[in-house]
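Novice: Have a look; sequence and predicted model below, questions after that.
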Amino acid sequence: MPGGRLTQQERHQIALGLGDGLAYAEIARRLDRPTSTITREVMRNGGPTGYRSDLAHRATERRAHRSRQSAQVPAPAHGRDPGALEEYAEALTAALMQAGTPRMMSRVLVSLYTTDSGSLTAAELVQRLQVSPASISKAIAYLEDQALVRRERDERRRERYIVDDDVWYQAMIASARANDQLIATARQGVGVLGAGTPAATRLENIARFLDFVSENLARAAEQAREVLHTKPPA
């Protein structure tokens, strides 16, 4: 099985395979590459509907160029391998994108996740990701809405963006609460449409389903937080 970076010809074959509706596994088999390689390549370059081989190749060259300039960014702590860390960051970004998080938001989140402090300023994110301050601002706004990050000012009055240790607990609770308004509105429709009618029954079923799922999601998040949460060393 070949290793190393994908060639321009391989990217062209990926684009053709996506156009033919082939699964990632089948494209990987034809190129004799791991399926994970194809998945990451597609997800970090526009997704299955937006993938363009020429744009993907140029983006990879830009990333390689930034990597050669990595002396501007502090070296990873604890003797970590910079190459392995970069590869892992790309894999985690692809996983978040597959789960529904937009690309830039995923990149910002991964930068915060893989920093021991769990905290970066806008300037530090711009330097790490080589994007504009406006892109960082937009990503942070989205992540705040999802309760995945928070912001505070440090001793130098700089705004810092932070992922707490229980970030997924907070996001799950926010997700559960987000259904409250929809549940209440669905039940309001029962009175308007007439209890017992097909339309009212449909709305009542929606409300009952969401109410049950939200309640159990919140309970599961609370239980998991108590049982599974591990505090990092001080």
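Specialist: Cool, the structure landed. Numbers count the residues shown, from 1 in each chain.
Novice: Report all helices and strands that the host helix or strand of Leu18 contacts.
Specialist: Using DSSP states H and E, Leu18 sits within helix 8-19. Other elements packing on helix 8-19 under the criterion 3 or more Cβ pairs under 8 Å, 6 or more residues apart in numbering; DSSP states H and E are helix 24-31, helix 35-43, helix 53-68. The way it works is simple: take the backbone N, C-alpha and C, and place the C-beta from them, glycine included.
Novice: Could I get the buried residue list for the lengthiest helix in the chain?
Specialist: In the chain, taking DSSP state H as the definition, the longest helix is helix 198-228. Neighbour counts over helix 198-228 (16 or more other Cβ atoms under 10 Å) mark Ala200, Leu203, Glu204, Ile206, Ala207, Leu210, Asp211, Ser214, Leu217, Ala218, Ala221 as buried.
Novice: In contact with the closest residue to the third one other than its chain neighbours, which residues?
Specialist: With sequence-adjacent residues excluded and distances taken as Cβ to Cβ, 6 or more residues apart in numbering, Glu204 is closest to Val190, at 5.2 Å. Applying Cβ atoms under 8 Å, 6 or more residues apart in numbering, one finds that Val190 lies in contact with Ala200, Leu203, Glu204, Ala207.
Novice: Swap in 10 Å and give it another go.
Specialist: Val190 sits next to Gly196, Thr197, Ala199, Ala200, Thr201, Arg202, Leu203, Glu204, Ala207 when contact means Cβ atoms under 10 Å, 6 or more residues apart in numbering.
Novice: go on, Ala218?
Specialist: Applying Cβ under 10 Å, 6+ apart, we find Ala218 in contact with Tyr169, Met172, Ile173, Ser175, Ala176, Arg177.
Novice: Could you do Ala171 as well?
Specialist: Leu143, Gln146, Ala147, Leu148, Val149, Ala221.
Novice: That one and Thr49, how far apart?
Specialist: Distance of Ala171 to Thr49, computed by Cβ to Cβ, to the nearest Å: 27 Å.
Novice: repeat for Arg208
Specialist: Taking Cβ to Cβ, one finds Arg208 at 35 Å from Thr49.
Novice: do Val126 as well
Specialist: Taking Cβ to Cβ, one finds Val126 at 29 Å from Thr49.
Novice: where are the low-confidence patches of this protein?
Specialist: The model of the chain has pLDDT under 70 over residues 1-4, 63-78, 229-234.
Novice: Walk me through the domains of it.
Specialist: Per automatic domain parsing, the structural domains of the chain span 1-68, 80-164, 167-228.
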